[in-house]
Structure formats: C-alpha cells, structure tokens
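Chemist: structure of the sequence below:
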Amino acid sequence: MSTTQVTPGRPRDPGVDRRIAQAALDLFADAGWAGFAMEAVARRAGVGKASVYLRWTTKEALLADAVTWRLARVADVDTGSLHGDLVELATQVLEVYVGETGRAALRLGLEAAAIPGVAEHYAAMRRAQVLAARAIVRRGISRGELAAGTPVTLLLDTLVGGAMMHATSMPDDRRADLARSTGAHARRLVDFLLRAVTPASDGA
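Modeler: Numbers count the residues shown, from 1 in each chain. Modelled structure (predicted):
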C-alpha cells in the first residue's frame, strides 16, 4: 500500500510526484539517511516545501514511496531458454547499479534496515527479486538445461555478484560505455558461468 498522503480536493500532478521522488532518491544517495530532510528534497526537486508536505507527512513515508516508485529493480523474465533468462537477469542487475538509481541502491543496502517504514518496503522488494531469480534457474533445471543437483543459490550468487561488482567497480569515465553495453557484458558473464556449470556433453 502506498504511504502517500493525499489532500482531498487538490489535483495531483504526477510529474511533480515523480520529480520529488527522484530528488529524494538522489539526495539519499548523496547524503544518506543522516542528511535526508524534506526541505532538502524540495530544493533538489525545484518545488516549494508545501508541495512535499502536502504529499508526505514524514520523510520516512517520502523515501519509502521513492524506493517503491523510482528504484530500478530485478524482475522475472522468461525468454524460453536458461541462457536468455540469465542474460536478461544479469542485464537488469547491471542496469540497477550503473543507472541513475545505482548509488541509491547501494546506500539502501547499507542503511535501509535501520529506517522505519523503508525497511519493510526494501525487504519486500529484495524478496521479490530473489524469488524471481530463483524461478529462472529452476525453470532451467526443469527443462533439463541444468543438472538437477545444481546449487541454485551458489549459481545466482556468482552471476548477480559478478554483475554487481563489475558495475560498482567501473571507473567513472567508463560508466557511460557500460550503460550502453550492459547486454553485451551480461552475455559474456553468462557464457562464462554456464560453461562452468553445464555438463561437457551438453556443450559438445
């Protein structure tokens, strides 16, 4: 359920909502929870304080909605093959951390659990992402593309961790290049991983 506070009789401008939510994520990425304030969000969004307080009564509610609405996330995808599904998964992970909400995602990983209201939203999002990733691997096992005993968690830790590490360790002057080629890097990562976990006879 959204935490947004709606003022009766006042028309809402979705464009303003989006701008405030993005400003909230950007401020949180830069300053963390200790530096997060409604007035600072208003300044960054280019709106008056009243515009923020009419929509959210607390900064916890504002950040929770910003996370729900604007934070890039990982979702299930079924391309019909394990290779295609894993490439899409790795691409999404790369885009989360190399995109405009990447720094906010990293900050949430460190701070979300200590922020009332935000912790629940972030935990639910992470659970959904884990379930989506595990569904991809289990479909591959059920189709016979992976051995029945393949360790699902280990495979996903390797893939997701590899994608995340590549995105977060990329020098600033090369991030734009990565942003334009996330699919290509995801494909190289998946090719490497599947060679390690697929029986040799399958690749012959």
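Chemist: dump the helix or strand harbouring residue 62 to CSV, restricted to CA.
Modeler: Using DSSP states H and E, residue 62 falls within helix 59-70. The C-alpha coordinates for helix 59-70 follow below in CSV (Å, rounded to 0.1, in the frame of the first residue of the first chain):
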residue,chain,number,x,y,z
LYS,A,59,10.5,11.8,5.5
GLU,A,60,10.2,8.0,6.1
ALA,A,61,7.0,7.9,4.0
LEU,A,62,8.6,10.0,1.3
LEU,A,63,11.7,7.8,1.0
ALA,A,64,9.5,4.6,1.1
ASP,A,65,7.4,5.8,-1.8
ALA,A,66,10.5,6.9,-3.7
VAL,A,67,12.0,3.5,-3.3
THR,A,68,8.8,1.8,-4.5
TRP,A,69,8.2,4.1,-7.5
ARG,A,70,11.6,5.0,-8.8
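Chemist: which strands and helices lie in contact with it?
Modeler: helix 14-31, helix 38-45, helix 118-142 (3 or more CB pairs under 8 Å, 6 or more residues apart in numbering; DSSP states H and E). Any C-beta I mention is one placed from the backbone N, CA and C, and that applies to glycine too.
Chemist: and with 10 Å instead?
Modeler: Where contact means 3 or more CB pairs under 10 Å, 6 or more residues apart in numbering; DSSP states H and E, helix 59-70 is packed against helix 14-31, helix 38-45, helix 49-53, helix 102-111, helix 118-142.
Chemist: as TSV, those helices with mean pLDDT and mean neighbour count would be great.
Modeler: As requested, the helices and strands packed on helix 59-70 are exported to TSV (pLDDT from 0 to 100; neighbours: other CB atoms under 10 Å):
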stretch	mean pLDDT	mean neighbour count
helix 14-31	93	18
helix 38-45	96	18
helix 49-53	94	15
helix 102-111	92	18
helix 118-142	92	17
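Chemist: and these: which comes nearest residue 68?
Modeler: helix 118-142 (5.6 Å; CB to CB).
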